[in-house]
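S.K.: Model the following, please.
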Amino acid sequence: MQQDFREAEILEKIRVGLVGYGRAGQAVANILGSDPHFDLRWIVRRSPVEERLTHPGTDIPVLGLDRYPFALLFDEMPVDALVDFSSPQSLRAYGEEVRKRGVMLLSAISAYTEEDMAYARELGRDTRVMCSPNITLGINFLIVAAKLLRKAAPFADVQIVEQHFRDKLFIFTAASSMGYSRLMKRRVRSFMPL
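M.R.: Next comes the predicted model:
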C-alpha cells in the first residue's frame, strides 16, 4: 500500500533547470538526473557550446548562454525550479525571468554581495527563493555548530581551513561567509591550494 503511494507521489516530477556546469554543477546534474523526483530539463553554462552537447549518459542538453538566453530557455523548455551553482552575476541574468514566471530558485552561490542578497530577498516577495552560502548540509551544520560553540565557549580558538579547486575563481566561500557574518567573531581565512 505504501509503495503504491510512493509511486503515485513521483508521477509529477519537478522540472528543473541547472545553472553552472563546473565540478559542483556536474555533480548536481548527476544527482538530479538520476533522482526519480526530478526532471532535469537543461543545464546552462556561461561558456559557448559549439556543438550539441548532453550531460554524459543522458539526453539532458548542456547549453551556452550565448545562444540560449534565460527568457528563451524558460519559453522553450519551462521549468518549475532553477538550481544555481554558477557565479553571482547569474542572479541578475535570470532574476526577472524567475520572478515573472514564478519559478522557484535554489542558489548555492557563496560570493553574493549585500546588494545581490537584497535583490534575492526582493525576488522572494514574488517567488520562492532559497540562498545558502554553501548548499552542502555539512557546511550549514557547521554554521549552526559555530554559533553554539561561540555561546558555550566564547574564548575558544577556532580555525576553519577550507580547500578549493585549483581553478576556483571566487574564494569568498563557506569559511569566509562564516567569518563575514561574525559567527566566530574572529578573523577567518580561506586557503587555496597551490
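S.K.: Indicate each strand paired with the biggest strand by length in the chain and its parallel or antiparallel sense.
M.R.: Looking across the chain with DSSP state E, the single longest strand is strand 38-45. Using DSSP bridges, the strands paired with strand 38-45 in its sheet are strand 14-19 (parallel), strand 61-64 (parallel).
S.K.: Tell me which residues of the helix or strand just after the last one come out buried.
M.R.: The one in question is strand 61-64. Where DSSP states H and E defines the elements, the next helix or strand beyond strand 61-64 is helix 70-76. By 16 or more other Cβ atoms under 10 Å, the buried positions in helix 70-76 come out as 70, 73, 74. Placement of C-beta: from N, CA and C, glycine included.
S.K.: Show me what helix 70-76 is packed up against.
M.R.: Contact analysis of helix 70-76 by 3 or more Cβ pairs under 8 Å, 6 or more residues apart in numbering; DSSP states H and E lists strand 38-45, helix 89-101 as its packing neighbours.
S.K.: repeat that for 10 Å
M.R.: Applying 3 or more Cβ pairs under 10 Å, 6 or more residues apart in numbering; DSSP states H and E, one finds that helix 70-76 makes contact with strand 14-19, strand 38-45, strand 61-64, strand 81-84, helix 89-101.
S.K.: ok, and what's touching that helix?
M.R.: Contact with helix 70-76 is made by 17, 19, 41-42, 44, 61, 63, 65, 68-69, 79, 82, 90, 93-98, 100-101, 103, as judged by Cβ atoms under 10 Å, 6 or more residues apart in numbering.
S.K.: ok, of those, which come out buried?
M.R.: For those, a burial check counting by 16+ other Cβ under 10 Å picks out 17, 19, 41-42, 44, 61, 63, 65, 68, 79, 82, 90, 93-95, 97-98, 101, 103.
S.K.: per-residue pLDDT, residue 68?
M.R.: What the model reports as pLDDT for residue 68 is 90.
S.K.: Let me see the ranges of the helices in this protein.
M.R.: 2-9, 23-34, 70-76, 89-101, 114-123, 137-152, 174-180 (DSSP state H).
S.K.: If I take the second one and strand 14-19, what angle do their directions form?
M.R.: This points to helix 23-34. 160 degrees (axes from the mean of the first three to the mean of the last three Cα atoms, to 10 degrees).
S.K.: quick one: contacts of helix 23-34?
M.R.: 14, 16-22, 38-41, 43-45, 55-60, 62, 81, 83-86, 106, 108, 134-136, 165, 167-168.
S.K.: what residue ranges in this protein score low on pLDDT?
M.R.: In the predicted model of the chain, residues 1-11, 133-153, 156-194 satisfy pLDDT under 70.
S.K.: switch the cut-off to 80
M.R.: Applying pLDDT under 80 to the chain flags the ranges 1-11, 50-51, 110, 132-194.
S.K.: so what are the domain limits for this structure?
M.R.: 2-131, 137-180 (automatic domain parsing).
S.K.: Helix 89-101 and the longest strand of the chain, what's the angle between them?
M.R.: The directions of strand 38-45 and helix 89-101 differ by 130 degrees, with the same axes, to 10 degrees as the criterion.
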